[in-house]
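Engineer: build me a model from this:
(chains A and B)
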Amino acid sequence: MSQGASKSLLLRGYVVLVFIFVFTPIVTSFIFSVNSDRFPTIPLGHFTTHWYETIFADPDVWDAFRVSGIVSITVATLATFIGFCTAYTDYRYNFTGKALYLSLALLPPTIPLVIMGLAMLALLARINMSGEIYSIVVSHVVLCSPFAMAVIRMRLAQINPDLESAAWNLGASNWRAMQEVIVPFCRPAIASAFCLTAAVSFDEFAVAWFVSGLNKTVPVMILEILQGNTDPQINAIGSIVFITSMTLVILAQLILMRKTINQTATGI
Amino acid sequence: MSDSSSSRPLVTFAGVSKRYGGVTAVHTMNLEIYEGEFLAIMGPSGCGKTTSLRMLAGLEEPSDGEIRLDGQRINEISSVERDTPMVWQSLALFPFLNVQKNVEFGLKMRQVPAEERQARASKWLERMEILELAERDISQLSGGQKQRVALARSLVTEPRILLLDEPLSALDANLVIRMQGVLSRLQKELGITFVYVTHSQSEAFAMSDRVVIMSQGRIEQLGSPKEIYRSPASRFVADFVGANNILSGTISQAGENLEIETALGVFQCDTGTKPAHHVGDSLDMVISADLVQMSLDDPNTQNSLECRFISEEFVGSIVTLFAELEDRSDFKIQTRQRDLAKMSLEEGDTFFVSWSAADTHLISSGRHLDA
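Structural biologist: Got it, this is the predicted structure:
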C-alpha cells in the first residue's frame, strides 16, 4: 500500500516536472510582458500594462491580427469541409487505391514546413498567386485539412453503421441521411476540427512567411519585430497568440470529450 | 391471422439469390409471405437469414431472381421508397435525437407537417406505453425502453409489413419473454405482417404463425412451429431444432410394420398410411428427447436401448439428460425433474430408454416421411 502510494507520488512528481519544463518559457514570457523593465532581468520591476498598450496602439499589429483572423477562420472552414469529405469517403466507400488515397490525404503534415513553404511559394509565384491573403489560405488549407480529417475520421469510426441504413430505411435519401444523421453525429468532431485547424493556421509561421508577402500574419510579424528590436512587446504579442491558440485547442478537446462521454455511454 | 393459406401473398421471393464475390449468401430462395402473418426466419449465423431480410428492406440488391411486394417487382426500388421499416439488432436509434424526434424521423422524411408528426408520434409512444419518456435522450433509456422506441419509430408510418432483425438479442432473458408478449400482441392488434429473423428457437416458436428454417443460404423447411418441431424435414432441421436423437439405418422390412436396421439393432416404426418404402432405403430415424421413456429395468420392447448416464442439465421442471449408447454416441432424454429424482441415477449408471413406434419420425434423403 505505502509502496504504491510512494510510487504514485513519484509519478505525479514526474508529470509536474514535465509540465514545468514545457510551460516555463511561456510563463516567463508572460511574466515579462507585464513587467516594467525594458530587459528581461531579475529582480522584476513593477506590474505594468504598458507593453500591451504599446502594441495595441500600433496599426501594424492590428493589421497582422486582422490577416491572421481572416486566414484562420477561412482556413478552418475550408479545411474542416475538405477533412469531413475525405473522412466520409473513407468511412463509406471501398475502392481500389484507397490506401494510397488515404496516405496522400494524410501526407502534408509530414513534409517539413520549410520545404512546404518553399514549394508553395515556387508554385504560387509561378501562377501569380503569391503575396495575397488567399495565398496563405491556400497553403494553410493544404496543411490543415489532414488534421480535420483525422479528428472527424475518429468520430466516424464510432458510428454504428446501421444508423445510416436506418435513415434510408425510414425514407431518407442519401443526401438527407447525410444531413440528418451523419453530420449531427459528427457535429462535435466538426466543431473540434474547426477549432484545431484555426489554431494551427493562427500559429503557423514558416509557410506563411514564404507566401504572405506584405500581408503579414501575427507569427510573421513577431519575427520581424524580433529582428529589429527586442523589447517586451514581443512577450505581450506572444502571450496573446498563446492564449488564443490554447483556447482554441482546449475548446476542441472539451467539445470532443464531452460529446464522446455522452454518447459512448449509449452503446447502442 | 394465422389463417395464412387463404390470404394472398404480400411478399414473394421468386428464385432470389445473393452472391458476394464468390460466396453465395442466399441460394435461389422461393418464399411467399402472407398478409397479416407472423413469419420467423430462423437459422444459425451465416445462414442467409439477415441477408434475405435486408434484400426485402432494399438494403441489399438480389443478384438473381425477383422480390415482389404486393405483386409488384421491387428489386430496383430503393430502400427509401419502399415502406419496409426494420427494427435493427443494434436498434440503431439516433443518439443525438430525443425519443420524440427519433419516432418522428420517418414522418419528417416523408414531409409530414410538424404538427401532424408530433401527434402521430405521440400516439405511438402512448401505444408503446412510453409517452412519458418523449423528451428523454436515448442514453437515458433502459434496454426494454429502447426496444419500444425502436418499434414506435418503425411503426409510425403505419406500414403493412415490419421487418425485425434479432431485435431481442441484446436483452436479458426475463425481458425477452416480456417483449415477446408485446410483439405478439402488437402484431395481432395491428394485423400487419411481421417478418422476424432470429437464431433463437424459443423466440421463433413462441410468436410466429410459420417458421422458415434456413441453412447455408437455403430454406430447409417451412411450416408451423409444431410441424417443424414434430416433423423435421431434414437432418439439419432435426439437429437444429428441439432436442432430437437421430439414428441412421436402412429399411430391413417395408410395409405396414416398418423395420429399420441400425448399428444398434433393429427398430420398429409405425408409418401409418404413409407411402411405402423399399427395403434397403437408407434413412434417419428421429426420436424426440421428450418422447422417450426411462427405466432401470429392461422394458423388453423392440424399441429400447441401454445407455449410460453422463450428465444432466436442469432448467426448471424439465431436465435434459445426456447419456451414452453402447457405440459411444450421445442420447438425450427430456423428463420431469421429479420423475428423474425417483430413479436416483449417478454418473456412470446404466439404464434403459424406450419409445413407441408411433413416435419415431423418418427422414430420407432430404424429404420427410411421417411416421
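
Engineer: near chain B at all, the helix or strand residue A:144 falls within?
Structural biologist: Here residue A:144 sits within helix A:133-156, counting by DSSP states H and E. No - against chain B, helix A:133-156 shows no contacts by Cβ under 8 Å from any Cβ of the partner chain, the least distance being 11.7 Å. All C-beta spots, glycine's among them, are computed from the backbone N, C-alpha and C.

Engineer: point out the residues in the stretch 1-150 of chain B that sit beside chain A.
Structural biologist: Contact residues, the stretch 1-150 of chain B versus chain A (Cβ under 8 Å from any Cβ): B:57-59, B:78-81, B:83-86, B:88-97, B:105-106, B:108-110, B:138-139, B:146.

Engineer: could you redo the last one with a cut-off of 7 Å?
Structural biologist: Within the stretch 1-150 of chain B, the residues that sit near chain A (Cβ under 7 Å from any Cβ of the partner chain) are B:57, B:59, B:79-80, B:85-86, B:88, B:90-96, B:105-106, B:109-110, B:138-139, B:146.

Engineer: which residues of the stretch 201-350 of chain B fall in helices?
Structural biologist: For the stretch 201-350 of chain B, helices defined by DSSP state H, counting those that start in this stretch occupy the ranges B:201-207, B:225-230, B:235-240, B:337-343.

Engineer: which SSE is immediately downstream of the last one?
Structural biologist: Meaning helix B:337-343. Counting by DSSP H and E, the element after helix B:337-343 in chain order, helix or strand, is strand B:350-354.

Engineer: show me what that next one is packed against.
Structural biologist: Here strand B:350-354 is seen to pack against strand B:293-295, strand B:304-315 when contacts are counted using 3 or more Cβ pairs under 7 Å, 6 or more residues apart in numbering or on different chains; DSSP states H and E.

Engineer: in the stretch 1-150 of chain A, what residue comes closest to chain B?
Structural biologist: Relative to chain B, the nearest point of the stretch 1-150 of chain A is residue A:94 (12.3 Å; Cβ to the nearest Cβ).

Engineer: for that residue, give me the pLDDT.
Structural biologist: Per-residue pLDDT puts residue A:94 at 89.

Engineer: SS state for it?
Structural biologist: Secondary structure, DSSP: H, G, I helix; E, B strand; the rest coil: residue A:94 is coil.

Engineer: re earlier: distance from the chain centre to the helix holding residue A:144, please.
Structural biologist: Its chain's C-alpha centre and that of helix A:133-156 lie 9 Å apart, by Cα atoms, centre = their mean, to the nearest Å.

Engineer: show me the contact partners of it.
Structural biologist: Under the contact criterion Cβ atoms under 7 Å, 6 or more residues apart in numbering or on different chains, helix A:133-156 has outside partners A:67, A:70-71, A:74-75, A:78-80, A:82-84, A:86-88, A:90-91, A:105-106, A:108-109, A:116, A:120, A:124, A:129, A:186, A:189-190, A:192-193, A:196-197, A:200-201, A:204, A:207-208, A:211-212, A:215, A:217.

Engineer: sorry, back to before: filter the residues of the stretch 1-150 of chain B next to chain A down to the buried ones, PyMOL style.
Structural biologist: Selecting the buried subset of the residues of the stretch 1-150 of chain B next to chain A in PyMOL, with 16 or more other Cβ atoms under 10 Å in any protein chain shown as the burial test, is done by:
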select buried, chain B and resi 57+59+79+80+85+86+88+90+91+92+93+94+95+96+105+106+109+138+146
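
Engineer: narrow the residues of the stretch 1-150 of chain B next to chain A to those in strands?
Structural biologist: Those of those mapping onto strands are residue B:86, per DSSP state E.

Engineer: show me the residues of the stretch 1-150 of chain B next to chain A that map onto helices.
Structural biologist: Those of these mapping onto helices are B:57, B:105-106, B:109, B:146, per DSSP state H.

Engineer: what's the closest of those residues to residue B:242?
Structural biologist: The closest of these to residue B:242 turns out to be residue B:57 (Cβ to Cβ; 30.2 Å).

Engineer: in the stretch 101-250 of chain A, which spans are strands?
Structural biologist: Counting by DSSP state E, counting those that start in this stretch, one finds no strands in the stretch 101-250 of chain A.

Engineer: got it, and the stretch 101-250 of chain B?
Structural biologist: B:161-165, B:193-198, B:210-215, B:218-223, B:244-253.

Engineer: and chain A, which of those strands is closest to it?
Structural biologist: For the strands of the stretch 101-250 of chain B, proximity to chain A was assessed by Cβ to the nearest Cβ; strand B:161-165 is nearest, at 8.5 Å.

Engineer: how far out from the middle of the chain is that closest one?
Structural biologist: On Cα atoms, centre = their mean, the centre of strand B:161-165 falls 14 Å from that of its chain.

Engineer: for it, give the mean pLDDT please.
Structural biologist: For strand B:161-165, the mean pLDDT works out to 94.

Engineer: list the contacts for the residue of the stretch 201-350 of chain B found nearest chain A?
Structural biologist: Closest approach between the stretch 201-350 of chain B and chain A, counting by Cβ to the nearest Cβ: residue B:203, at 18.8 Å. By Cβ under 7 Å, 6+ apart, the contact list for residue B:203 reads B:168, B:180.

Engineer: hmm, 10 Å instead?
Structural biologist: Going by Cβ atoms under 10 Å, 6 or more residues apart in numbering or on different chains, residue B:203 touches B:40, B:42, B:164, B:166-169, B:176-177, B:179-180, B:183, B:196-197.

Engineer: any weak-confidence spans in the chain?
Structural biologist: Here I'm looking at chain A. Counting by pLDDT under 70, chain A contains low-confidence residues at A:1-2, A:259-268.

Engineer: that answer is for a different chain, and I need it for chain B
Structural biologist: Along chain B, segments meeting pLDDT under 70 span B:1-7, B:271-276, B:365-371.

Engineer: can you name the farthest residue from the center of it?
Structural biologist: For chain B, the largest distance from the centre (Cα atoms, centre = their mean) belongs to residue B:115, which lies 40.8 Å off.

Engineer: against residue A:18, how distant is that one?
Structural biologist: Going from residue B:115 to residue A:18 by Cβ to Cβ, to the nearest Å gives 59 Å.

Engineer: again, but for residue A:70
Structural biologist: According to Cβ to Cβ, residue A:70 and residue A:18 sit 36 Å apart.

Engineer: and residue A:233, how many neighbours?
Structural biologist: 20 (other Cβ atoms under 10 Å in any protein chain shown).

Engineer: you'd agree it is up against residue A:224?
Structural biologist: No - Residue A:233 sits out of contact with residue A:224 when judged by Cβ atoms under 10 Å, with a separation of 11.9 Å.

Engineer: contact residues of the stretch 51-200 of chain A facing chain B?
Structural biologist: Within reach of chain B by Cβ under 10 Å from any Cβ of the partner chain, the stretch 51-200 of chain A has these residues: A:159-174, A:176-177, A:180-181, A:183-188.
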